[in-house]
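Undergrad: Starting from these lines, generate the structure:
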Amino acid sequence: MKENLIISACLLGTPCRYDGKSVKKIDLAPLLERYNLIPICPEIYGGLSTPRIPSERQGARVVMKDGTDVTEAFRRGAEATLNFAKLNGARRALLKAKSPSCGKGEIYDGSFTATLTDGVGVAAELLISMGIEVFTEDEMDKLL
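TA: You can find the predicted model right below:
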C-alpha cells in the first residue's frame, strides 16, 4: 500500500502561488510509484486570495510587501495543513522551497529584495514540530 504524501499544490501545476502561477518543475512519475499525492496550499487554506501581494517572514510575523500583516492567515493555513495531514495519515510532506509558508532551510529574509536567509516557513515549521518530515522539491531524492 502506498504512503500518503502531502505536497504543495503549486508543485503539481495548480496556479495558487502569490503571482497566480504554478511552479511545476518536478518529475511526478517516481513519486506516484511510491506515494498517493495529497495537494495542499496553506496560504489558500488560510484565506488568502490568488493572486496576492507577495509575503515574507519577518521573525514570527508574516508581512505583505505593502506592509499588511498576514500572520494570522498564515497560522490558520498552517493549522489547516496539519489537520489535513493528520486526516490523511501523512507522515511526510513535499513543500515549495523558499516560501513563507512551505520553505525549509532557506526563506526570503523579509526585506523583499530576493535575499535568502536561514529559516523555515510557517506551515513547514508546524508540521516539523508535530513530527512530520518535511522536504522541499530540492530534496525530492530523499523521498525516493
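Undergrad: and residue 12, what does it touch?
TA: The contact partners of residue 12, by C-beta atoms under 8 Å, 6 or more residues apart in numbering, come to 22, 24, 28, 37, 39. (Glycine included, C-beta is placed from N, CA and C.)
Undergrad: and the helix or strand of the chain with the lowest mean pLDDT, how far from the chain's centre?
TA: None of the helices or strands of the chain scores lower by mean pLDDT, DSSP states H and E than helix 28-34, at a mean of 93. Its chain's C-alpha centre and that of helix 28-34 lie 19 Å apart, by C-alpha atoms, centre = their mean, to the nearest Å.
Undergrad: For whichever helix or strand comes after it, which outside residues touch it?
TA: Sequence-wise, the next helix or strand downstream of helix 28-34 (DSSP states H and E) is strand 35-40. By C-beta under 8 Å, 6+ apart, the residues outside strand 35-40 that reach it are 2-9, 12, 14, 28, 31, 81, 84-85, 88, 90, 92-93, 143.
Undergrad: I only care about the residues you listed that end up buried; give me the PyMOL line for that.
TA: For the buried members of the contacts of strand 35-40, the matching PyMOL selection, counting by 16 or more other C-beta atoms under 10 Å, is:
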select buried, resi 4+5+6+7+8+9+12+14+31+81+84+85+90+92+93+143
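Undergrad: Which ones among the contacts of strand 35-40 map onto strands?
TA: Residues of the contacts of strand 35-40 located in strands (DSSP state E): 3, 4, 5, 6, 7, 8, 92, 93.
Undergrad: Apart from its chain neighbours, what residue comes closest to the third one?
TA: Excluding the flanking residues, the one nearest residue 5 by C-beta to C-beta, 6 or more residues apart in numbering is residue 35, at 3.8 Å.
Undergrad: and what of residue 126?
TA: residue 78 (4.3 Å).
Undergrad: Pop out the phi and psi values for that neighbour.
TA: phi -70, psi -40 (degrees, to the nearest 10).
Undergrad: Make sure it is actually in contact with residue 120.
TA: No - using C-beta atoms under 8 Å, residue 78 is not in contact with residue 120, being 11.0 Å away.
Undergrad: CSV for the contacts of residue 12, including distance to residue 98?
TA: Formatted as CSV, the contacts of residue 12 follow (distance: C-beta to C-beta, whole Å):
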residue, distance to residue 98
22, 15
24, 16
28, 20
37, 21
39, 19
